[in-house]
Every structure is written in C-alpha cells, then in structure tokens.
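Q: how would this look folded up:
(2 chains)
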Amino acid sequence: GQQVMQIPQYQHVQEGEDFTTYCNSSTTLSNIQWYKQRPGGHPVFLIQLVKSGEVKKQKRLTFQFGEAKKNSSLHITATQTTDVGTYFCAGGRYGGATNKLIFGTGTLLAVQP
Amino acid sequence: DGGITQSPKYLFRKEGQNVTLSCEQNLNHDAMYWYRQDPGQGLRLIYYSQIVNDFQKGDIAEGYSVSREKKESFPLTVTSAQKNPTAFYLCASSIGPSSGGAHEQFFGPGTRLTVL
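A: Got it, this is the predicted structure:
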C-alpha cells in the first residue's frame, strides 16, 4: 500500500544548529502538509505545498516539495528550544474527491540549550 | 470559541469492555477522522467520514466502530475485539472533500486510553 517514510526518526541538536527532516512517498502526492506535535500535545498544521518544486518559508522554517511530488523536506535554521517536538509530513492522494492524508512516521526533534 | 473537543483526556478500562470516545467539533466541517498514535509512531487512520451518515474504514479499522449521525459528532467505540487498544486516540476534522486534494486537518487534544 501507499506509504510515506520520514528520516531521521530522531534527531538531537544543540540550540543554534540547523535541522532537516525528509519525507518520501512511494507514489505521487497531490499535495504535502506538515504538522508539529509538541510533547504531550496534538498535531498542529504548519503549512501545505501543492506545486511541483514549491518552496515556502515561515521565519526560520523552509519547506520544499520535490519536482516529482514524491518527496518533501522541512529545514529549520538555528534551532531554538521552542522547536522541540515531532514533525510529521502528510501526503494527499490523487483520485476521487478525498480528504485522506497519509501521515509520515514523524521525526522527533530534541534541542539542547 | 471554535474547535474540536475530545473527552475524557485519560480513560482507563478493563480488558473485555467496550469503550466509546467522544469527539465534537463546532467548526462546521463536513469531514471527520479518527487516528491512533502509539509511542514513537506516526498517525494511523482508523475511520473517516466525509459527510453525515457516511463513513469509511481506514487502515486499521478492525476492532473499532463509529457513527456519524450529526455533523458535529463522530464518536469512536473501541470494542473488546481490538487486540491492543491501549493508545493515544486523536480526532480531527477538515472542510469537505474536493478534487483539489486533501485539506488542512484540525486536531482535538486526544484521549489516552489504557486498558488494564
């Protein structure tokens, strides 16, 4: 079945270092969304990318959608302790009117002050 | 105050008992979803509903049941047939489906179910 894999599963950085998580799908996605889940919390929507090769920025966060619409990345510049949490990508599918998302396995980010 | 509510936050049940988790939204969203999250893992879709009185199985529907009698409510029953029910359960909602692809999902605070 359709899968979305994320790497790494876990990353520990010193505050101020950069961080990147990668998301790969076995099939072409209609769009990609990114969510952040703080420890003990629930996922919160960050952004959606729709176009092939699209790049979006939110302050220190940069999101990319691959040319083939099968992969995506989230890059955080100069991490802060407030960036701690699990980052999930979630892909939308083509075919029919559906809102189903396929969530990636997530990357847990730990930031040491 | 718009949003999604789930109650209770923590729930304990004895093995063999059915238990129903509530999910209510006042966002006027057509679509609602139930996910299961296990420690260190991603979100797995249990059931979803795109419109009132209609729902479909997700990837791990066995041992679960749902109903969608009202737009605002999408309760999930964890039955005794679910072999490993202890998990964190998340409910979400979004605007209705379209051919343009999936929409942003809004999540509730979750219910942590422990079966003893």
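
Q: Quick one: residues contacting the residue positioned nearest the centre of chain A.
A: By C-alpha atoms, centre = their mean, chain A has its centre lying nearest to A:Cys89, at 3.7 Å. The contact partners of A:Cys89, by C-beta atoms under 8 Å, 6 or more residues apart in numbering or on different chains, come to A:Val4, A:Gln6, A:Thr21, A:Cys23, A:Ile32, A:Gln33, A:Trp34, A:Tyr35, A:Ser72, A:Leu74, A:Phe103, A:Gly104. For glycine as for every other residue, the C-beta is placed from the backbone atoms N, C-alpha and C.

Q: Which residue is the nearest non-sequential neighbour of it?
A: Once flanking residues are discounted, A:Cys89 sits nearest to A:Cys23: 3.6 Å by C-beta to C-beta, 6 or more residues apart in numbering or on different chains.

Q: rewinding a little: could you point out which element follows the helix or strand hosting the residue nearest to the centre of chain A?
A: Using DSSP states H and E, A:Cys89 sits in strand A:85-92. Remark: after strand A:85-92, the chain's next helix or strand is strand A:101-103, criterion DSSP H and E.

Q: What pairs with that next one, parallel or antiparallel?
A: strand A:85-92 (antiparallel) (DSSP bridges).

Q: From the chain's centroid, how far away is the strand it pairs with?
A: On the basis of C-alpha atoms, centre = their mean, to the nearest Å, strand A:85-92 sits 4 Å off its chain's mean C-alpha point.

Q: Who are the contact partners of the residue nearest to the spatial centre of chain B?
A: With distances taken as C-alpha atoms, centre = their mean, B:Trp34 lies nearest the centre of chain B, 2.5 Å away. Each residue near B:Trp34 by C-beta under 8 Å, 6+ apart is listed here: B:23, B:45-48, B:58, B:64, B:66, B:74, B:76, B:89-92.

Q: if you set the cut-off to 7 Å instead, what comes out?
A: For B:Trp34, the contact set (C-beta atoms under 7 Å, 6 or more residues apart in numbering or on different chains) comprises B:Ile46, B:Tyr47, B:Val66, B:Leu76, B:Tyr89, B:Cys91.
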